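K.L.:
Structure for this input, please:
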Amino acid sequence: MIAVRFVVPEGIDDPTRPSGGNTYDRQLTTELSAGRVTVTQTAAPGPWPRPNQQSLHALEVILSCAEDGEVVLIDGLVASASSEVLLRHGSRLRLVILMHLPLGCDPNAAPGIRTAEKASLFAATAVITTSPWTRDWLINRYALAPGTVHVAEPGVEPAEVSSGSAHGGRFVCVAALVPHKGQDVLIEALALIGRGSWDCRLVGSDLIDRSFTARLRHRTHKQGISGQVSFLGTRTGAPLAATYASADLLIAPSRTDTYGMVVTEALAHGTPVIASDVGGLPMALGIVAECGRPGMLVPPDEPALLAALLTRWLDDEDMRARLRAVARDRRSSLVRWSDTARLVSRVIETVAA
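P.N.:
I've put the predicted structure just below:
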């Protein structure tokens, strides 16, 4: 057995703050513990990824408690913003950074953020990313040695297959209501479609960026579609699964996304997807041999093009049937959480040796 200390941001079990990264960390801890790795999970307090001095001091204490040569797996939300701490311990610990979303991916990120993130990554023995796109981005942007950067895509479990409605108009968008997830693009596209036999449920926290949420609500009222757009707030577990199972189409209009776990979660239900052609979303959507994609891709920040695809979806019954069939076929090739843990375990074993 290999002992690993897993440093995660505090609050990963908070049901009011669901995220793909939190889900990944929880599932990974469970799956690793069922195998050849003994995991001690430690929550780092603080407003990550914007730590204050108290947060950095708490992380310093956590790492100081680790013995020389110990393998320490650190969530990227903590690691990217704490280079000054990691550099003090990188030579005596075997640090492995689990990178969900590089801070430097933000086009508005200050140069200092990228410099600090690069320093954190170079303090690590190995880096694990959640998509090939993120791995390539880190290697190209920060000149990391390719042999030290690995991929362990998020898993998903088998789920109830969506039956789909006759009209195909039950849309769902699952993501925290924040600008980079692009719900404003979706609202504009729905306004261009106009009233009809569709409804759209926005599932995700409306507490992170309240002003953005207010703008979304105002826009739906102004465009006269507020009766067809529902703001459902946070959903997890069985209620979220039921939302996927009752949907005809998942829409992921992100401006940036390193993977997009909601895409594979929808596909686990055999629900087709329209997603932005950015980051790791095309890889998450995937391709079924001889059948093509289980959905469609659209350029980001293009509400008119998104509206055109949604209109085509609503008008073309044959296309809906074809994409539903491909989405159901895609279920058999989705990565499982046990597969994810196996890949991470290999990295940990190599680092420990």
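K.L.:
in a helix, that's where V85 is, yeah?
P.N.:
Yes - counting by DSSP: H, G, I helix; E, B strand; the rest coil, V85 is found in a helix.
K.L.:
Near it, how many other residues are there?
P.N.:
When neighbours are defined as other C-beta atoms under 10 Å, V85 has 26 of them. C-beta here means a position set from N, CA and C on the backbone, and glycine is covered the same way.
K.L.:
Which residues are in contact with it?
P.N.:
56, 59-60, 63 (C-beta atoms under 8 Å, 6 or more residues apart in numbering).
K.L.:
and the spatially most distant residue from the centre of the chain, what is it in contact with?
P.N.:
Centroid-distance maximum for the chain: D68 at 32.8 Å, with C-alpha atoms, centre = their mean. Contacts for D68 (C-beta under 8 Å, 6+ apart) come out as 92-93.
K.L.:
Filter the contacts of V85 down to the buried ones.
P.N.:
Buried members of those, scored by 16 or more other C-beta atoms under 10 Å, are 56, 59-60, 63.
K.L.:
For I251, state which of those is nearest.
P.N.:
L59 (37.6 Å; C-beta to C-beta).
K.L.:
Wasn't that closest one part of a helix?
P.N.:
Yes - counting by three-state DSSP, L59 is located in a helix.
K.L.:
Quick check: it touching V7?
P.N.:
Yes - between L59 and V7 there is a contact under C-beta atoms under 8 Å: 7.3 Å.
K.L.:
okay, and the common contacts of these two?
P.N.:
Joint contacts of L59 and V7 (C-beta under 8 Å, 6+ apart) are 44, 78.
K.L.:
hey, what's I97 bridged with?
P.N.:
On the basis of DSSP bridges, I97 is bridged to I74, V127.
K.L.:
Now do the closest residue to R170 other than its chain neighbours against Q183, distance only.
P.N.:
In space, R170 comes closest to D248 once its chain neighbours are excluded; the distance is 4.4 Å by C-beta to C-beta, 6 or more residues apart in numbering. Taking C-beta to C-beta, to the nearest Å as the measure, D248 falls 18 Å from Q183.
K.L.:
again, but for D329
P.N.:
Taking C-beta to C-beta, one finds D329 at 29 Å from Q183.
K.L.:
Could you do A116 as well?
P.N.:
30 Å.
K.L.:
how many neighbours does S211 have?
P.N.:
There are 8 residues near S211, going by other C-beta under 10 Å.
K.L.:
send the alpha carbons of the helix or strand it falls within over as PDB?
P.N.:
Following DSSP states H and E, one finds S211 within helix 210-222. This file holds the C-alpha atoms of helix 210-222, laid out as PDB (Å, rounded to 0.1, in the frame of the first residue of the first chain):
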ATOM      1  CA  ARG A 210     -25.200  37.600  -8.300                       C
ATOM      2  CA  SER A 211     -24.900  40.500 -10.700                       C
ATOM      3  CA  PHE A 212     -24.500  38.100 -13.600                       C
ATOM      4  CA  THR A 213     -27.500  36.100 -12.500                       C
ATOM      5  CA  ALA A 214     -29.500  39.300 -12.200                       C
ATOM      6  CA  ARG A 215     -28.600  40.200 -15.800                       C
ATOM      7  CA  LEU A 216     -29.700  36.800 -17.000                       C
ATOM      8  CA  ARG A 217     -33.100  37.100 -15.300                       C
ATOM      9  CA  HIS A 218     -33.500  40.600 -16.600                       C
ATOM     10  CA  ARG A 219     -32.700  39.500 -20.100                       C
ATOM     11  CA  THR A 220     -35.300  36.700 -20.100                       C
ATOM     12  CA  HIS A 221     -38.000  39.100 -19.000                       C
ATOM     13  CA  LYS A 222     -37.000  41.700 -21.500                       C
END
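K.L.:
quick one, helices of this protein?
P.N.:
Ranges of helices within the chain are 20-33, 53-64, 76-79, 83-89, 111-122, 132-142, 183-193, 210-222, 237-245, 261-267, 281-285, 303-315, 317-330, 337-352, based on DSSP state H.
K.L.:
Make CSV from these and add mean pLDDT and distance to F171 to it.
P.N.:
Formatted as CSV, these follow (pLDDT from 0 to 100; distance: least, C-beta to C-beta, whole Å):
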stretch, mean pLDDT, distance to F171
helix 20-33, 93, 20
helix 53-64, 97, 39
helix 76-79, 96, 30
helix 83-89, 97, 42
helix 111-122, 94, 35
helix 132-142, 97, 26
helix 183-193, 97, 8
helix 210-222, 97, 13
helix 237-245, 93, 11
helix 261-267, 97, 11
helix 281-285, 96, 17
helix 303-315, 97, 8
helix 317-330, 96, 12
helix 337-352, 96, 27
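K.L.:
To H100, which of these lies closest?
P.N.:
helix 20-33 (4.1 Å).
K.L.:
Quick check: buried residues in that closest one?
P.N.:
Judged by neighbour count (16+ other C-beta under 10 Å), helix 20-33 contains these buried residues: 20-25, 27-29, 31-33.
K.L.:
Closest one of the residues you listed to L77?
P.N.:
Using C-beta to C-beta, those come closest to L77 at G21, 6.4 Å.
K.L.:
Nearest spatial neighbour of the closest one, chain-adjacent residues omitted?
P.N.:
Once flanking residues are discounted, G21 sits nearest to H100: 4.1 Å by C-beta to C-beta, 6+ apart.
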